[in-house]
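I need the structure of the sequence given here:
(one chain, ligands or ions: 1)
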Amino acid sequence: MTLTESELLAKVPTQLYIAGKWIAGHGKNPISVEDPATGKTLLQIANANSTDGLAALTAADEASAAWAKVSPRERSDILRRAFELVKARSEEFAMLISLEMGKPIAEARGEVAYGNEFLRWFSEEAVRISGRYGSSPEGTGRMLVTQRPVGPAFAITPWNFPLAMATRKIGPALAAGCTIVIKPAELTPLTTLLLTAVFEEAGLPAGVLNVITTSTSAETSAPIISDSRLRKITFTGSTSVGVRLLEQSAKQVLRTSMELGGNAPFLVFEDADLDAAVDGAMLAKLRNIGQACTAANRFIVHESLADEFANRMAKRMEEMPLGRGVNPDTKIGPVINEKARENLKRLVDATVSEGGEILTGGTYVSGDGYFFAPTVLTNVKPGSTILNEEIFGPVAPIVRFKDEDEAIRLANDTVYGLVSYAYTQDLKRGLRLIERLDTGMTGLNTGLVSNAAAPFGGVKQSGLGREGGLEGIHEYLETKYVMIPDPSL
Ligand code: NAD
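Residues are numbered from 1 along each chain as shown. You can find the predicted model right below:
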């Protein structure tokens, strides 16, 4: 049975979760969580201060030794139970994501399926942590290599994928035998709170997962990061905050995983299947209303196709209904807040003053909420401001190129290196591009790369480490090597 919005919100816990208990926060005022489609408050929730943050770390530290000893099968079973519970409640999670973040309900359902897959994937990986045993090259000793949990981890997540960014960290941490404190973004914390209730129901022991919601992220996080009981920090968010956290982590030489910003190039070659390229472009640009680290940020299109490509994208964008995400007809929701909308306007205006043209959109949509018209910008000049920044909204700048070398030079001309997309039907060119594009991931003839079974992550200023895939659990494991003399001597 589908719940009404108020019935759903009444089910969401509003307190901190520390040592297996829901408790009040000691921060100044409660946090008001807003619906970005209306600007109205959905719920008020607890606000943690630094004392609460350290209490959460104490809980994670105290539960750490016992959780590391829980058998891999039992850890796996708990994750699997959480997966089944989220699946059974997928409509509730989808509605909550859509309400607090604004994405269309169909996309929110997609996030639930994708995000929940990390719980299933890592429930499977929990029982496959392995090591090796072999002879030293001289034959005089035996070398044993084993893996053990890093220890208490601190996870900080962004607002744009409220479920998937949490499960992508909680899943591998728990599977590896690490306890965790998670701090969701203050703009969209409700989904993490509902997920925590699921873990409680799945039988997760007290202290293994602790949740702090706070409006004072820097002040509440800093003492946790400088506390010697913490062994790992895992962050998803902007590069500027990631750099700051790396600086803080350096003092304790913490293990770090950083999933940071992106500036994805989307290349369309003269031999591309144009229909497929436009479909891929719409997906890569407008998924999450353009607010994804993987969002196509720069369309780099061969000059022979650039006008046709731009016109087709503009037409498709003009046909997409804007609205509140929970309305089933909505194809594009609002951006997250007024600041995000102002940033889009600034980037569009800069592009025009630098010689680009607006083919469609370029403006605010009047009325409630933070809506921005889907926008195509053509004849954007290399070096324009918009090509150097993460746009984070439904704005598509199109740059022309003449040959492959120029396309690759333009694509790699950024400090970021998360993902690239390329459309070509020439197999050899496709293989060349994979080798020459400086990104951690490439979508070859597709606009979507995310998958729980794949190692997600970037190079350059897009981050350190990988989430998901066979690699994901290793972010939470330390290698231990043991030397043993040859037992026959
Ligand atoms: P943000 O960096 O502003 O915030 C991310 C998180 O960090 C939030 O929880 C925030 O409260 C917290 N935070 C901010 N300052 C902090 C500080 N000084 N100490 C501790 N915590 C702090 O990013 P955002 O606006 O929430 O998310 C958008 C950004 O995230 C974009 O740059 C996007 O590319 C990136 N992102 C990256 C990935 C990826 O996997 N690479 C995925 C999603 C989003």
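
Would you mind listing what in the stretch 251-400 of the chain touches the ligand?
Within the stretch 251-400 of the chain, the positions near the ligand by CB under 6 Å from any ligand atom are 259-262, 293, 390. The C-beta positions use only the backbone N, C-alpha and C, and glycine is treated the same way.

Which of the residues you listed sits closest to Glu138?
When those are compared for distance to Glu138 (CB to CB), Glu259 wins out at 41.9 Å.

check contacts around the residue in the stretch 51-200 of the chain that the ligand sits nearest to.
For the stretch 51-200 of the chain and the ligand, the shortest gap (CB to the nearest ligand atom) falls at Pro158, measuring 3.2 Å. Shown in contact with Pro158 (CB atoms under 8 Å, 6 or more residues apart in numbering): 165, 185, 236-238.

Next one, pLDDT for the closest residue in space to Met441 that isn't next to it in sequence please.
Using CB to CB, 6 or more residues apart in numbering and skipping the chain neighbours, the partner closest in space to Met441 is Val419 (4.3 Å). Here, the pLDDT recorded for Val419 equals 98.

And for Val419, the neighbour number?
Neighbour count of Val419, defined by other CB atoms under 10 Å: 29.

the strands in the stretch 151-300 of the chain, which residues?
153-156, 180-183, 209-211, 232-236, 255-259, 264-268, 296-302 (DSSP state E, counting those that start in this stretch).

Of the contacts of Pro158, keep whichever come out buried.
Using 16 or more other CB atoms under 10 Å as the burial test, those include 165, 185, 236-237 as buried.

Those residues also near the ligand: which ones?
165, 185, 236-237.

right, so of the strands of the stretch 151-300 of the chain, which gets closest to Leu431?
Across the strands of the stretch 151-300 of the chain, Leu431 has its closest neighbour in strand 264-268 (14.1 Å, CB to CB).

rewinding a little: turn the residues of the stretch 251-400 of the chain next to the ligand into CSV, including neighbour count and distance to Asn337.
Listed next are those as CSV, based on neighbours: other CB atoms under 10 Å; distance: CB to CB, whole Å:
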residue, neighbour count, distance to Asn337
Glu259, 27, 21
Leu260, 27, 20
Gly261, 22, 18
Gly262, 28, 20
Cys293, 29, 18
Glu390, 22, 16
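
Reformat those as TSV; add pLDDT.
Converted to TSV, those look like this (pLDDT from 0 to 100):
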residue	pLDDT
Glu259	98
Leu260	98
Gly261	97
Gly262	97
Cys293	97
Glu390	97
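
Once you drop chain neighbours, what's closest to Gly323?
Thr330 (3.8 Å).

Kindly confirm my reading that that neighbour forms part of a strand.
No. Counting by DSSP: H, G, I helix; E, B strand; the rest coil, Thr330 is not found in a strand; it is coil.

residues touching it, list them.
Applying CB under 8 Å, 6+ apart to Thr330 gives the contacts 104-105, 321-324.

Filter these down to the buried ones.
When those are checked for burial by 16+ other CB under 10 Å, the buried set is 104-105, 322-324.

from these, which single one is nearest Thr363?
For those, the nearest to Thr363 is Leu322 (12.3 Å; CB to CB).

I figured the closest one was touching Val335, is that so?
No. Using CB atoms under 8 Å, Leu322 makes no contact with Val335, being 10.9 Å away.

Give the residues shared as contacts by those two.
Shared contacts of Leu322 and Val335 (CB under 8 Å, 6+ apart): Phe371.

Stretch 104-111 near the ligand at all?
No. Among the residues of stretch 104-111, none lie within reach of the ligand under CB under 6 Å from any ligand atom; the closest is 11.6 Å away.

Begin at 489 from now on, thanks
All right, first residue 489 from here; so that's stretch 592-599.

Show me what counts as buried in that stretch.
For stretch 592-599, by 16+ other CB under 10 Å, it's 592-593, 595-599.

Now pLDDT too, for the buried ones among the contacts of Thr818, in a markdown table please.
As requested, the buried ones among the contacts of Thr818 are exported to a markdown table (pLDDT from 0 to 100):
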| residue | pLDDT |
| --- | --- |
| Pro592 | 97 |
| Ile593 | 97 |
| Leu810 | 96 |
| Gly811 | 95 |
| Arg812 | 95 |
